[in-house]
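# Got a predicted structure plus its sequence, pasted below:
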Amino acid sequence: MAAGGRADSLRTLYDAESERIRREFEASQDGRAVTRQRTALIDSLVSRLWQEYISPEPGGPAGLVLVAIGGYGRGELFPHSDIDLLFLCEKELPGAEQKDRIRQFCQDLWDVRLKLSPTTRLLEDCDRLHRDNLEFNISLLDCRCLAGDQELFRRLHDQVIPRTVVRDWQEFVRGLSEVNIERRRKMGDTIFHLEPNVKETPGGLRDYHLACWLSLLNGFSRSRRWVDASESFPPKLREQSGGAIEFLSALRCFLHYRAGRDEDTLSWEAQDAAAQAGIGFQGVATETPVWMRRYFRRTRSINRLASLMLDDVVPARSSIYQQFQSWRSRLSSADFAVVNGRVYLQQTSAAADPEVLLRVFEFVAQHGFKLAGSTEQRIEQALPAVSAQSLAGPLRWQALRNVITRPHAGMALRSMQELGVLGLLLPEFRLVDSLVIRDFYHRYTVDEHTFRAIDALQRLHGSTSEQERHFAELLGEIERPDLFYLAMLLHDLGKAEPGEDHVDASLMAASRACADLALSVEDTETVSFLIAYHLDMSAAMRRDIFDPGTLQTLAQAVGSPERLKML
């Protein structure tokens, strides 16, 4: 068949099958089925072209094998995903004739309008760690043979890649960790974006891939065999993340089909469309804020899984790092141990003791460590029993106060929120868990917005900025920082109620919270004042601050220098 006719035939086949896969998705919303079927479709095109251009025998020629790598190797081709191909040669690169055949092979796939990314390598190229292109080594972890020399592929899969893993294991894992840190940094290091990227944002698909890669590397380094990546996942997180992957796969397919291209950003318009289509809700239309809460709560499990695997697998970086960690380990106590910057319980049953459970978050808030994955699991297991016990108001307020006034309060509060402990101490805060509000003031969910505000206040200490130093001085002069931070924690609770004015609703929720915490009338009035007037200071600053009337109105509302400093 002539080249033009062959390309038209392939395009017709591809378009027809792609349309069939899309129709089935619209009926079932099964994203995993889409990725499997599109992978099988591309496999059939590749096999056909291999026999046409390279070898009439699927197992030939000797010394050349076609390998699917990356997402294609995993069998996870979304509707508009790139197709990564490796033409692997045994001893020498293709000659002019074979190179021309490979070019024609690729050209036919490009003519089908596929996003093809081919590369040609020698086997020896795969036998070393590419420090300037670690993504290539990572992509080989998901390699799959498509056509050609089967024995050559077995050498790659069973000898060459394992040799690299064993020889360069620590550097491989460390590099993978560094790539992940940079990716998360670009995404703000939070899952709670109002317009998240379902692939790259923490808690997205890439975090799940990271957990799988770390599991594969760790499993092979220990057993010298390739293992099922999910084998080392904790059972509860394996189940939760499995459901989250089903959801994200359906969502990413929906975004690709909706945009007609590789689109992974969940914009406001896309959120509305996904909620209306009932993605993840068995096709039942849902209000967008409810749908987004489901999104965040599912991605939270993937984020935790990736963090757990990083804790368990990533080795100590260097002697300097080890010295630093050794210094940190001196902070260990009778209840808590610090190992590689993670907090462990000295006694596995300690999480069942309410006082120890609450003190561990004070420890996090004071020193800035994250909880180890095993510690999180023990807290989750113990929480139902702890929540059934009576936690008197003063005990709850003492535990909360000991967290919110510490240097790393935001880190501790996020951990408490994720594990359900914050809701135990402050049930009203559950109102804003993963709550999306679309307005000028919020780039993140309401709870993350609140945590970041507390982070910003804590960063004032030691700030070198002249403007921030003035605020740091005011912060240092506040006599009751505990009430100040409590008001900050409660100030947006009213966002969970319908209506444009959230202040009154926040005051009602704060009043209930203060009563539950057994605060005095005077302390409750201070917290309520800060919430009631937290918008007035910025409003006053937008008027003429030299106008005596403006100053008099504000002074009458504030009443005292202490309240003015807090406001």
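Done, it's in.

# Following element in sequence after the strand or helix carrying Glu376, please.
Per DSSP states H and E: Glu376 is located in helix 373-388. Per DSSP H and E, the first helix or strand lying C-terminal to helix 373-388 is helix 393-404.

# Any chance you could list what contacts that next one?
354, 358-359, 361-362, 365, 409, 412-413, 416, 425-426, 454, 482, 485-486, 489, 515-519 (C-beta atoms under 8 Å, 6 or more residues apart in numbering). In short, each C-beta sits where N, CA and C put it, glycine included.

# swap in stretch 440-451?
190, 192-194, 296, 410, 413-414, 417, 429, 432-437, 452, 488-489, 491-492, 495-496.

# And for stretch 409-417?
Under C-beta under 8 Å, 6+ apart, the answer for stretch 409-417 is 361-362, 364-365, 368, 370-371, 376, 403-404, 406, 421-423, 425, 429, 433, 447-448, 451-452, 454-455, 458, 485, 489.

# how about 7 Å then?
Contacts to stretch 409-417, defined as C-beta atoms under 7 Å, 6 or more residues apart in numbering, come from residues 361, 364-365, 368, 370-371, 403, 422, 433, 447, 451, 454-455, 458, 485.

# if we can go back for a sec, are any of the contacts of helix 393-404 buried, and which?
Taking 16 or more other C-beta atoms under 10 Å as the criterion, what is buried in the contacts of helix 393-404 is 354, 358-359, 361-362, 365, 409, 412-413, 416, 425-426, 454, 482, 485-486, 489, 516-517, 519.

# Identify the residues contacting the residue most central in space within the chain.
The centroid of the chain falls nearest to Pro202 when counting by C-alpha atoms, centre = their mean (1.7 Å). Pro202 makes contact with Arg184, Met187, Asp189, Thr190, Ile191, Asn303, according to C-beta under 7 Å, 6+ apart.

# That one and Thr348, how far apart?
29 Å (C-beta to C-beta, to the nearest Å).

# repeat for Cys253
Counting by C-beta to C-beta, the gap from Cys253 to Thr348 is 42 Å.

# likewise Leu41?
Distance from Leu41 to Thr348, by C-beta to C-beta: 50 Å.

# more neighbours, these two?
Neighbour count, other C-beta atoms under 10 Å: between Leu41 and Thr348, Leu41 has more, with 17 against 11.

# looking at it, the more buried one is touching Glu17, isn't it?
Yes: taking contacts as C-beta atoms under 7 Å, Leu41 lies within contact range of Glu17: 5.0 Å.

# which regions of this structure sit below the pLDDT cut-off?
Within the chain, the ranges that satisfy pLDDT under 70 run 1-5, 315-330, 388-390, 536-557, 559.

# what ranges do the strands span in it?
64-68, 83-89, 116-122, 144-148, 336-339, 342-345, 370-371 (DSSP state E).

# Make CSV out of these and add distance to Leu134.
Putting those into CSV (distance: least, C-beta to C-beta, whole Å) gives the following:
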stretch, distance to Leu134
strand 64-68, 18
strand 83-89, 15
strand 116-122, 15
strand 144-148, 20
strand 336-339, 27
strand 342-345, 24
strand 370-371, 24
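
# quick one on the thing from earlier: among the contacts of stretch 409-417, which pair sits farthest apart?
For those, the maximum inter-member distance is 23.5 Å, found between Gly368 and Asp433 (C-beta to C-beta).

# and these two? which has more neighbours close in?
Higher neighbour count among Gly368 and Asp433: Asp433, with 18 against 15, using other C-beta under 10 Å.

# how much space between that one and Arg297?
From Asp433 to Arg297 the distance is 8 Å (C-beta to C-beta).

# And for Asp504?
To Arg297, Asp504 is 28 Å away according to C-beta to C-beta.

# More neighbours: which of these two?
Set Asp504 next to Arg297 and count neighbours by other C-beta under 10 Å: Arg297 wins out with 16 against 13.

# For burial, what's the neighbour tally of the closest residue to the more buried one other than its chain neighbours?
Using C-beta to C-beta, 6 or more residues apart in numbering and skipping residues adjacent in sequence, the residue nearest Arg297 is Ser434, 5.8 Å away. Each residue near Ser434 was counted by other C-beta under 10 Å, and the total is 20.

# if I read this right, Ser434 contacts Tyr295, doesn't it?
No: judged on C-beta under 7 Å, Ser434 makes no contact with Tyr295 at a distance of 8.2 Å.

# tell me how far the ends of stretch 105-120 are from each other?
With C-alpha to C-alpha, to the nearest Å as the measure, stretch 105-120 spans 13 Å from end to end.

# so what's Thr119 up against?
Leu86.

# So which bits of stretch 62-75 are buried?
Under the neighbour-count criterion of 16+ other C-beta under 10 Å, stretch 62-75 has 63-75 buried.

# With distance to Trp213 added, can I get the residues you listed in a markdown table?
Converted to a markdown table, those look like this (distance: C-beta to C-beta, whole Å):
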| residue | distance to Trp213 |
| --- | --- |
| Gly63 | 29 |
| Leu64 | 27 |
| Val65 | 23 |
| Leu66 | 23 |
| Val67 | 17 |
| Ala68 | 16 |
| Ile69 | 13 |
| Gly70 | 11 |
| Gly71 | 13 |
| Tyr72 | 16 |
| Gly73 | 12 |
| Arg74 | 11 |
| Gly75 | 16 |
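
# do you know how far Lys115 is from Ser44?
Per C-beta to C-beta, Lys115 is found 18 Å from Ser44.
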